[in-house]
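**Q** Fold the following for me, if possible:
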Amino acid sequence: MAMQLPSQRSGHRRAPMADINVTPLVDVMLVLLIIFMVTAPLLTAGVPVNLPDSRAKPLDQDQHPTEISIDTMGRIFIAKEEVPEQQLPQHLEAIAARAPAGGQPPQVFLRADKSLDYGHVMRVMGELNRAGLNRVALVTVGED
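**A** Numbering: from 1, shown residues only. Got it, this is the predicted structure:
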């Protein structure tokens, strides 16, 4: 009785291997996952602002709210565009004019650096109120 070793050739043809090597696919997917995890937080904030902490629950929001940011130096940004404080009322009135007739005014996210004095933030909120933009949400960082 002879034993046939794998190195010996037999008269039978070997069946083709039907396994798929998924290791390269998994490697590529893990690299893409890491890239997205690193870049996703960088895409959310346009103006660097040190936000205060809060234990408040998140609010329901519009699909595309207007974002107003006030940085450490007190500069005001609408989206990522810097707006001088003297021109802020005109810009806010233009935003309010985009609201549908009889509908709610657009939602505004106000992001203010926590080192700013209260009066500066209140002046911007006063201008928002004067323009009729009364759906204002103050953006904070969630406290763990």
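
**Q** So what's the gap between the top helix by length along the chain and the chain middle?
**A** If you go by DSSP state H, the chain has its longest helix at helix 23-44. Relative to its parent chain, helix 23-44 has a centroid offset of 16 Å by CA atoms, centre = their mean, to the nearest Å.

**Q** Stretch 17-33 too?
**A** For stretch 17-33, the distance to the chain centre is 30 Å (CA atoms, centre = their mean).

**Q** that older thread, would you mind listing the outside residues contacting the longest helix of the chain?
**A** Helix 23-44 has contacts (CB atoms under 8 Å, 6 or more residues apart in numbering) with no other residue. Quick note: C-beta positions are derived from backbone N, CA and C, even for glycine.

**Q** again with stretch 101-113
**A** Residues outside stretch 101-113 that contact it (CB under 8 Å, 6+ apart) are 45, 47, 49-51, 61-62, 65-72, 95-96, 98-99, 120-121, 124-125, 128, 132-139.

**Q** From those, list just the buried residues.
**A** Buried members of these, scored by 16 or more other CB atoms under 10 Å, are 47, 49, 51, 66-71, 95-96, 121, 124-125, 128, 133, 135-139.
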